[in-house]
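Chemist: for reference, the sequence and a predicted model appear below.
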Amino acid sequence: GAVVSQHPSWVICKSGTSVKIECRSLDFQATTMFWYRQFPKQSLMLMATSNEGSKATYEQGVEKDKFLINHASLTLSTLTVTSAHPEDSSFYICSAKSRTDTQYFGPGTRLTVL
Amino acid sequence: SQQGEEDPQALSIQEGENATMNCSYKTSINNLQWYRQNSGRGLVHLILIRSNEREKHSGRLRVTLDTSKKSSSLLITASRAADTASYFCATDQGAQKLVFGQGTRLTINP
């Protein structure tokens, strides 16, 4: 299957700092990427849909000014958690949609805010 | 919102047995996808079944879809210890995004 990478795989930061997470589709172009958040032993919750060259579409309850998304190219989307706080600690996963409608997921990024 | 419901929430079987997981949803769909997630890892895509399909196979995996009952099942035959993971169904309801079920935690005992 197609490969989606995420970087970094884990990050620890101090409260109040910003963290950027990259999501790349390595062997296909993705006009649409998605960002999810997952708490321990729970399912994935969609945060936003990232469209190349346009503004992201955020799900209800997700603060767009806190979770900045940039989809600069057909293979790269970034999620920046601004002014991170301990409650933002979570597992963040991206996915990229292929031409066959299959969504391929990255390995995830574990964010810990101290 | 998470509209998919998976049954059972947890399943523990002996190696070599078959494992069946069910998924129900509430609205019409374009397709339904099954994923596997090992603890603390990303999701691995298993199978996509479209709304006009009733059954698909991939190796030891068999997926059925009943759109009249709004349900799907994933069967893993001849289970192995390496199949231990959480399994999620996700429905494509249009608007490009997937809605995930709560998942089934499968444990294969050696």
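Modeler: Now that the structure is in, tell me what you want to look at. Keep in mind it's a predicted model, so treat the numbers as computed, not measured.

Chemist: who does the closest residue to residue B:10 other than its chain neighbours bridge with?
Modeler: Nearest non-adjacent residue to residue B:10, counting by Cβ to Cβ, 6 or more residues apart in numbering or on different chains: residue B:105, 4.5 Å away. In this view, the C-beta of every residue, glycine as well, is placed from N, C-alpha and C. On the basis of DSSP bridges, residue B:105 is bridged to residue B:10, residue B:86.

Chemist: burial measure for residue B:78, as a count.
Modeler: 11 (other Cβ atoms under 10 Å in any protein chain shown).

Chemist: that one and residue B:62 touch, don't they?
Modeler: No - the criterion here is Cβ atoms under 8 Å, and residue B:78 misses it with residue B:62 at 11.6 Å.

Chemist: hmm, residue B:32 and residue B:91 touching each other?
Modeler: Yes - assessed by Cβ under 8 Å, residue B:91 is found in contact with residue B:32 at 5.2 Å.

Chemist: any common contacting residues for those two?
Modeler: residue B:25 (Cβ atoms under 8 Å, 6 or more residues apart in numbering or on different chains).

Chemist: tell me the SS of residue B:69?
Modeler: Secondary structure, DSSP: H, G, I helix; E, B strand; the rest coil: residue B:69 is coil.

Chemist: how close does it get to residue B:27?
Modeler: From residue B:69 across to residue B:27, the span is 13 Å (Cβ to Cβ, to the nearest Å).
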